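[1] predicted coordinates and the sequence they were generated for:
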Amino acid sequence: MALSEFALIERYFRSCGAQRTDVALGVGDDAALLRVPAGCELVAATDTLVAGVHFPQDSPADSIGHRSLAVNLSDLAAMGARPAWALLALTLPQADEAWLGEFATGLGELARSHEVALVGGDTTRGPLCVTVQLLGFVPAGAALTRSGARAGDVLFVSGTCGDAAAGLAIEQRRLTGPPEVRSWLRERFLRPAPRVALGEQLRGFASACIDVSDGLLADAGKLASASHVGVELSYSEVPLSEPLAALLGERRARELALTGGDDYELCFAVPPHNIARLLAQLPPQDWRYTRIGALRAAPGASVVGDGTVMEFSHSGYEHFS
Ligand code: ADP
Ligand code: MG
């Protein structure tokens, strides 16, 4: 690379994230030294984004930076954890400074907005691939997991579903529509807003939680099977955004909301005895979540509409091809 690796790290990544007092040693040594608060457990997650697999080859660089952290923030949100420190393993075909500047801006803005420090990483040459490792913490024993739900618990999801899958289809020119609808849905794919604050608030209310990355039906099914129960979703309760419903019509929008990926919303189960307190302390209109179904003893995941069980066999990828 024309730019030395040292100069690249100094210029784009040393001060990219938040400054935190619990970073004893950050970028520049062989490893970072971090102070986990007393009484807390360390929470660790990592996710890789591969060009052409997890984002289109020509995606805007700031979106790639944003999403590489957002997908990990969403995993920590689903654990009820507070994110704190990130590491970035970046593989680049060349040191394109315009690209690096935008990438670091997208990553850095999201990191600072969640008070996440970038404390280290690795930089290599090769086909574009971004791995972020995110560390955070949670009071010992208080983490949310996928496996705590029981039959009879009520299931909720934050935000609206299906928007990011439509946004990706628009980005790939498999779907079109009016300009303002297109740009709103594209944003939902390019710059998802992980529900970190909601995840932390759900400690003490939710019995189980998962983030929606593969599609609402699939991820609700994963939560249920990890909890050794089944799940029944109500077709008409699945939350849709106005732009998605306007573009696709209600039937296709609901199908995409159930099966499309990349939403990074939280899907969580709440025991009946916690519901009144949940609704009072986290008003749904402020925290933007919707009741969509319930856990049941019978295994599997099904969608019920108009009293009949509906089948969904498509994955989000197949919708517009
Ligand atoms: P080493 O050879 O010891 O792995 P490197 O030259 O890979 O050292 O990294 C030097 C320092 O820069 C380390 O502290 C490392 O964590 C940090 N670093 C490397 N690449 C990145 C990156 N893309 N973002 C943030 N920090 C990085
Ligand atoms: Mg290294």
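    Arrived safely, thanks for sending. Ligands and ions are numbered 1, 2, ... in the order given.

[2] what's downstream of the helix or strand hosting residue 42, the next helix or strand?
    Mapping residue 42 onto the secondary structure by DSSP states H and E places it in strand 40-50. On the C-terminal side of strand 40-50, the closest following helix or strand by DSSP H and E is helix 61-78.

[3] quickly run through the sheet partners of the helix or strand just after that following helix, with directions.
    Once helix 61-78 ends, the next helix or strand along the chain (criterion: DSSP H and E) is strand 82-92. In the sheet containing strand 82-92, the strands it pairs with under DSSP bridges are strand 117-125 (parallel), strand 129-139 (antiparallel).

[4] what residues does the stretch 51-200 of the chain put near ligand 1?
    If contacts are counted using Cβ under 6 Å from any ligand atom, the residues of the stretch 51-200 of the chain sitting beside ligand 1 are 88, 90, 118, 120-123. For glycine as for every other residue, the C-beta is placed from the backbone atoms N, C-alpha and C.

[5] same thing but at 5 Å, please
    Proximity of the stretch 51-200 of the chain to ligand 1 (Cβ under 5 Å from any ligand atom) is limited to residues 88, 90, 120-123.

[6] can you say which of these are buried?
    Neighbour counting over those (16 or more other Cβ atoms under 10 Å) leaves 88, 90, 120-121, 123 as the buried ones.

[7] how about the strands in this structure?
    With strands called from DSSP state E, the chain shows them at 23-25, 33-34, 40-50, 82-92, 117-125, 129-139, 154-158, 208-212, 230-234, 265-270, 289-296, 301-305, 308-310.

[8] from those, which stretch is densest packed?
    Ranked by mean neighbour count, the strands of the chain are led by strand 265-270 with a mean of 28 (mean count of other Cβ atoms under 10 Å).

[9] what packs against it?
    Counting contacts by 3 or more Cβ pairs under 8 Å, 6 or more residues apart in numbering; DSSP states H and E, strand 265-270 packs against helix 61-78, strand 154-158, strand 208-212, helix 216-226, strand 289-296.

[10] that strand vs helix 61-78, what angle?
    Relative orientation of strand 265-270 with respect to helix 61-78: 10 degrees, computed using axes from the mean of the first three to the mean of the last three Cα atoms, to 10 degrees.

[11] list of residues touching strand 265-270?
    With contact meaning Cβ atoms under 8 Å, 6 or more residues apart in numbering, strand 265-270 is reached by 74, 77-78, 144, 148-150, 153-161, 195, 198-199, 202, 205-212, 216, 219-220, 223, 227, 278, 289, 292, 295.

[12] would you mind writing the CA trace of it as CSV?
    Below are the C-alpha coordinates for strand 265-270, written out as CSV (Å, rounded to 0.1, in the frame of the first residue of the first chain):
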residue,chain,number,x,y,z
GLU,A,265,-34.6,-5.0,15.6
LEU,A,266,-35.0,-6.8,18.9
CYS,A,267,-37.5,-9.7,19.3
PHE,A,268,-38.2,-10.5,23.0
ALA,A,269,-40.4,-12.6,25.2
VAL,A,270,-42.0,-11.2,28.3
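
[13] so what strands line up beside it?
    Strand 265-270 has the following sheet partners, assigned by DSSP bridges: strand 154-158 (antiparallel), strand 208-212 (antiparallel).

[14] for the first one, what does the pLDDT average out to?
    Throughout strand 154-158, pLDDT has a mean value of 98.

[15] now do that strand and helix 216-226, the angle between them.
    Between strand 154-158 and helix 216-226, the angle formed by their directions is 140 degrees, by the same axes, to 10 degrees.

[16] chain center to strand 154-158, what's the gap?
    Relative to the mean C-alpha coordinate of its chain, strand 154-158 is positioned 16 Å out (Cα atoms, centre = their mean, to the nearest Å).
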